[in-house]
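Enquirer: show me the folded form of this:
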Amino acid sequence: MKFRRKNAIGARLALRLLAALLAATGSPVLAGMGTAVVPTQTIYPGEEITEGKVDEVQVTNPNLAGDYARKTREVVGMVAKRTLLAGRTVPVSALREAFAVTRGKAVRLTFTIGSMTISASGSPLENAAVGDVIRARNIDSGVTVSGTVMADGTIQVMTK
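Expert: Take a look at the predicted model:
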């Protein structure tokens with residue numbers, strides 16, 4: 001039993017040494033590992049990510065695991081949900097879409113049935129991104145409705 005354990009530890013050490021040697025020599029073996037997105041400065045929660053705040057770097061660690069952003073285009077325009085440290089990979093779970101509607105700000109509520117469309121002024125009861133289903137209050141009647149946030153910032157009201 002001890003003999004196998006030593007061999008397993010020795011094999012792991014050999015793999016690490018081989019990976020370090022390949023990285024030092026610029027081997028094309030590691031070139032296939034891809035890229036990762038890392039911030040060039042600390043990005044705080046609620047801050048929008050712009051192209052100047054992130055950089056794409058080659059992955060040299062064969063043990064790097066997790067669901068991290070691999071291309072800059074995946075993160076530009078997104079908003080950080082938590083602090084992203086400079087030089088660390090950007091986890092996809094730490095990002096969210098920018099809000100299309102903000103709680104308390106006036107929006108247009110629309111309801112369509114057939115060729116008839118009814119619209120009214122409304123106020124979202126929560127922040128939401130495009131495609132989210134949220135509740136909003138009709139400003140004129142005070143009735144609370146549910147609807148889907150559209151790309152133009154309106155809320156498409158759903159039938160009950």
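
Enquirer: which residues does residue 56 bridge with?
Expert: residue 37 (DSSP bridges).

Enquirer: residues near it, how many?
Expert: Neighbour count for residue 56, taken as other CB atoms under 10 Å: 14. Any C-beta I mention is one placed from the backbone N, CA and C, and that applies to glycine too.

Enquirer: the one 10 residues further on too?
Expert: Neighbouring residues of residue 66 were enumerated by other CB under 10 Å; the total is 9.

Enquirer: tell me the contacts of the nearest residue to it once chain neighbours are set aside?
Expert: Residue nearest to residue 66 in three dimensions, not counting chain neighbours: residue 91, with 6.3 Å by CB to CB, 6 or more residues apart in numbering. When contacts are counted by CB atoms under 8 Å, 6 or more residues apart in numbering, residue 91 touches 66-69.

Enquirer: quick one: contacts for the closest residue to residue 51 other than its chain neighbours?
Expert: Ranked by CB to CB, 6+ apart and with sequence neighbours excluded, the top spatial neighbour of residue 51 is residue 76, at 5.3 Å. Each residue near residue 76 by CB under 8 Å, 6+ apart is listed here: 49-51, 54.

Enquirer: name the nearest of those residues relative to residue 158.
Expert: residue 49 (31.7 Å; CB to CB).

Enquirer: from residue 126, how far out is that closest one?
Expert: 23 Å (CB to CB, to the nearest Å).

Enquirer: give me the nearest residue to the spatially most central residue of the chain, chain neighbours excluded.
Expert: Compute the mean C-alpha point of the chain, and by CA atoms, centre = their mean the closest residue is residue 95, 2.9 Å away. Once flanking residues are discounted, residue 95 sits nearest to residue 78: 4.2 Å by CB to CB, 6+ apart.

Enquirer: next, count neighbours for that neighbour.
Expert: 17.

Enquirer: and what of residue 90?
Expert: 24.

Enquirer: I'd guessed it sits against residue 53; true?
Expert: No - with contact defined as CB atoms under 8 Å, residue 90 does not reach residue 53; the gap is 10.2 Å.

Enquirer: how far out from the middle of the chain is stretch 95-104?
Expert: Taking CA atoms, centre = their mean, to the nearest Å, one finds the center of stretch 95-104 at 13 Å from the center of the full chain.

Enquirer: quick check on the contacts of residue 91: which are buried?
Expert: Buried residues within these, counting neighbours by 16 or more other CB atoms under 10 Å: 68-69.
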